[in-house]
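1. Provided below for reference: sequence and predicted model.
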There are 2 protein chains.
Amino acid sequence: MPLDDRKLDVLRAIVEDYVATQEPVGSKALVDRHHLGVSPATIRNDMAVLEEEGYIAQPHTSAGRIPTDKGYRLFVDRLSTVKPLSPAERRAIQTFLDGAVDLDDVVTRTVRLLAQLTRQVAVVQYPSLARSTVRHVELVPLSTSRVLLVLITDTGRVEQRIVELPGDTDEALLGDLRARLGHLVAGLDISAVPTSIENLPESFSPADRQVVSAVVATLLESLVDRSDERLAIAGTANLARYGQGFDQGLEPLLEALEEHVLLLRLLGEATSPSTLTVRIGHENAPAGLSAASIVTTGYGPGERALASMGVVGPTRMDYPGTIAAVGAVARYVSQILAGNN
Amino acid sequence: MPLDDRKLDVLRAIVEDYVATQEPVGSKALVDRHHLGVSPATIRNDMAVLEEEGYIAQPHTSAGRIPTDKGYRLFVDRLSTVKPLSPAERRAIQTFLDGAVDLDDVVTRTVRLLAQLTRQVAVVQYPSLARSTVRHVELVPLSTSRVLLVLITDTGRVEQRIVELPGDTDEALLGDLRARLGHLVAGLDISAVPTSIENLPESFSPADRQVVSAVVATLLESLVDRSDERLAIAGTANLARYGQGFDQGLEPLLEALEEHVLLLRLLGEATSPSTLTVRIGHENAPAGLSAASIVTTGYGPGERALASMGVVGPTRMDYPGTIAAVGAVARYVSQILAGNN
DNA sequence: CTTGGCACTCAGGAAATCCGAGTGCCAGTG
DNA sequence: CACTGGCACTCGGATTTCCTGAGTGCCAAG
């Protein structure tokens, strides 16, 4: 049976009231708080249908209704309208983020800001190496058998590795290597680097090949190294405030939040900066987060998302508000990153 | 009134039992579980004295006793014996830490290990820049008006800054500057760098002075920048397990744990690697942590501590076990750092 | 100083009770 | 046909009462 408009209104009202009060909402309360123009009895009939269809449920026989995951899903997809941020919030975003001095600072400020705005747990992924381009590669001799390899990306990120050379090496070779490396990879997309340099050693004299190979190997290694898919998290204290909003207690949640690999996967599927994903309750496969909802979006200067950020909270969260906050912060951060180019 | 030996035994027994059971312990239970050779009535008298002196307290009139902060203090200072780690634990430390590939990895592994061993919250400070020495300084031209300043310390840490030069600059000047900078600061203690280079600009021709000043300024800035006093935290989920061990709930604690500045201060006062500090309950000034105890120690290759690590848990923690774990991990990490030199 | 005895206290659990929000259903109405 | 008012019913949760037993403090005797 298709849901008519009023039933959708009822569902919306239920979600809104439940989110606001954290208590099951009954038919009477609904009519009082929203001017639906019909009597409680009518609402009850509608509710019965909504329940049959699985959008809402009763915790106990004689209690009001609460939305199910499916109900939230419908709400998010079709019933909620974007709630514009208050001027105060906009200002907060600006003043908070404008003071950032470098990339790391942008990330830590962002994550705190997001936690504060949404009063929930914020998660921000550091811009991924993989999706940026090379601005510069440098070789710095430390001793005759050690050299520091520095890689700078267009996002302002700097990776460095110490390369142990197989034997003593003179400046000339290094200089040559530096120049040719730079020529090969400058401006290149990180993902394109491996194929670009794989044959480099062969263009050197056999005597030098070992050294070149060592450097190339380290460079490749530093590129695939996913360990730098780091995360910043803030606002875990908000979980405690929300208190027993979570049935199974906080432990599984806190554990999940420390499982960065897991979170990265959830954040991942790096959506473009303009789209925004909402995952509700059981849609989050991993056990620990099945009582939580996650709102994520990508961010980054261009069309492609450089990395993702998001908010984790109870399924009973203020979706419109959270979505607005995440979206606004992501847009602003993207601007900053574009500016700092 | 000085406490005789038996009273101390009683206190020790109370602490141990309370930590183990999380429940107030009464006189009867004490005589049963520890062979004290006297009757419950006698114990009661001793307990009365201990209570009068403020070492223990009763939550309710008709309940057993629990240790006070003062009681824990005495226990830690005089009554507890170090509990050697189990072979399994020693092995865990080794296998867990030996796989570390770089400094950051050492830190993240350490913090997880510590959280796992103690089943509490672990906090590890990244090795502080301020207490290491300069191994190398490098200048890498990015464009004619931008140069990358790289600073490498003996702890394997690499700081980098981009310097915006006031005008176009040629290679020769940079090379000269690089050489003189390196000569001035190599091997120097970070804290000694500022005085060492403050007069450097004046030794250059007036035309070049602006450029040199820009570089020097950035270098100084990167040295005083405390923002790199970063922390790694793990095991917050353990707080939830300990559950309502904390009277005021988890919120203030989680908040305190996100206040890195605060934690750094607590960790701080970098003790030497060989000493270990225990702060109990109210000894932790900040409100949020007054229900917690903190066990910290410094770590680092030499005599001086490079940074600190520690564990945060409820006052009712297993002090001997925690102390042993923190000590062992710190020693092992120190060895690793010394080795990687 | 230690001990057994004894009266007393009281937190916390179990059982009993109450209340009212909320429901489903039905018959009546425009 | 959709809506409404009425009504009987349910039952979770709050409130109260009651009870129990661990634990205490004190005292007099060994």
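-> Good, I have the coordinates. Numbering: from 1, shown residues only, chains lettered A, B, ... in the order given.

2. so where's chain A uncertain?
-> Within chain A, the segments meeting pLDDT under 70 span A:1-2, A:130, A:156, A:225-228, A:243-245, A:247-248, A:269-271, A:287, A:340-341.

3. what parts of it come near DNA strand D?
-> Within reach of DNA strand D by CB under 7 Å from any atom of the strand, chain A has these residues: A:Arg6, A:Gly37, A:Val38, A:Ser39, A:Ala41, A:Thr42, A:Asn45, A:Pro59, A:His60, A:Thr61, A:Ser62, A:Ala63. (Glycine included, C-beta is placed from N, CA and C.)

4. switch the cut-off to 10 Å
-> A:4, A:6-7, A:23-24, A:27, A:31, A:36-46, A:58-63 (CB under 10 Å from any atom of the strand).

5. buried ones among those?
-> Restricting these to buried positions leaves A:Lys7, A:Pro24, A:Ser27, A:Val31, A:Leu36, A:Pro40, A:Ile43, A:Asp46, with burial counted as 16 or more other CB atoms under 10 Å in any protein chain shown.

6. list just the nearest of these to B:Thr322.
-> A:Pro24 (43.7 Å; CB to CB).

7. pretty sure A:Glu279 contacts A:Ile294?
-> Careful, residue A:279 is Arg and not Glu. Yes. Counting by CB atoms under 8 Å, A:Arg279 does reach A:Ile294; the two are 4.6 Å apart.

8. the two - which one has more neighbours?
-> A:Ile294 (23 against 19; other CB atoms under 10 Å in any protein chain shown).

9. surely that one is in contact with A:Asn284?
-> Yes. Using CB under 8 Å, A:Ile294 is in contact with A:Asn284, at 6.2 Å.

10. hey, where'd the helices end up in the stretch 51-200 of chain A?
-> A:69-74, A:87-98, A:103-118, A:171-185, A:193-197 (DSSP state H, counting those that start in this stretch).

11. what's in contact with the second one?
-> The set of residues that contact helix A:87-98 without belonging to it, under CB atoms under 8 Å, 6 or more residues apart in numbering or on different chains, is A:85, A:106, A:109-110, A:112-113, A:116-117, A:325, A:328-329, A:332-333, A:336.

12. distance check, A:Ser145 against A:Thr169.
-> 7 Å (CB to CB, to the nearest Å).

13. ok, now A:Asn284?
-> Taking CB to CB, one finds A:Asn284 at 51 Å from A:Thr169.

14. again with A:Gly310
-> For A:Gly310, the distance to A:Thr169 - CB to CB - is 46 Å.

15. between the two, who's got more neighbours?
-> Between A:Gly310 and A:Thr169, counted using other CB under 10 Å, the more crowded position is A:Gly310 (26 against 22).

16. helix, strand, or coil at that one?
-> Classification of A:Gly310 using DSSP: H, G, I helix; E, B strand; the rest coil returns strand.

17. burial of the closest residue to it other than its chain neighbours, as a residue count?
-> Spatially, and ignoring its direct neighbours in sequence, A:Gly310 is nearest to A:Thr296 (3.3 Å; CB to CB, 6 or more residues apart in numbering or on different chains). Residues near A:Thr296, counting by other CB under 10 Å, number 25.

18. again with the one 3 residues further on
-> By other CB under 10 Å, 28 other residues sit near A:Tyr299.

19. that one contacts A:Ala330, doesn't it?
-> Yes. Taking contacts as CB under 8 Å, A:Tyr299 lies within contact range of A:Ala330: 4.2 Å.

20. got any residues that touch both of those two?
-> A:Pro273, A:Met309.

21. out of the contacts of helix A:87-98, which is nearest to B:Leu262?
-> The closest of the contacts of helix A:87-98, once distances to B:Leu262 are taken by CB to CB, is A:Arg112, at 14.6 Å.

22. quick one: the closest one from A:Ala237, how far?
-> A:Arg112 sits 12 Å away from A:Ala237, going by CB to CB.

23. who's more crowded, the two?
-> Between A:Arg112 and A:Ala237, counted using other CB under 10 Å, the more crowded position is A:Ala237 (23 against 17).

24. how about the more buried one: what's its closest non-neighbour residue?
-> B:Leu254 (3.7 Å).

25. cool, A:Arg109 as well?
-> According to CB to CB, 6+ apart, the nearest residue to A:Arg109 is A:Ala100 (5.2 Å).

26. the one you found: what's it in contact with?
-> By CB under 8 Å, 6+ apart, A:Ala100 lies in contact with A:Val106, A:Arg109, A:Ile336.

27. could you do A:Thr155 as well?
-> Contacts of A:Thr155 (CB under 8 Å, 6+ apart): A:Leu103, A:Pro127, A:Ser132, A:Leu306, A:Leu337.
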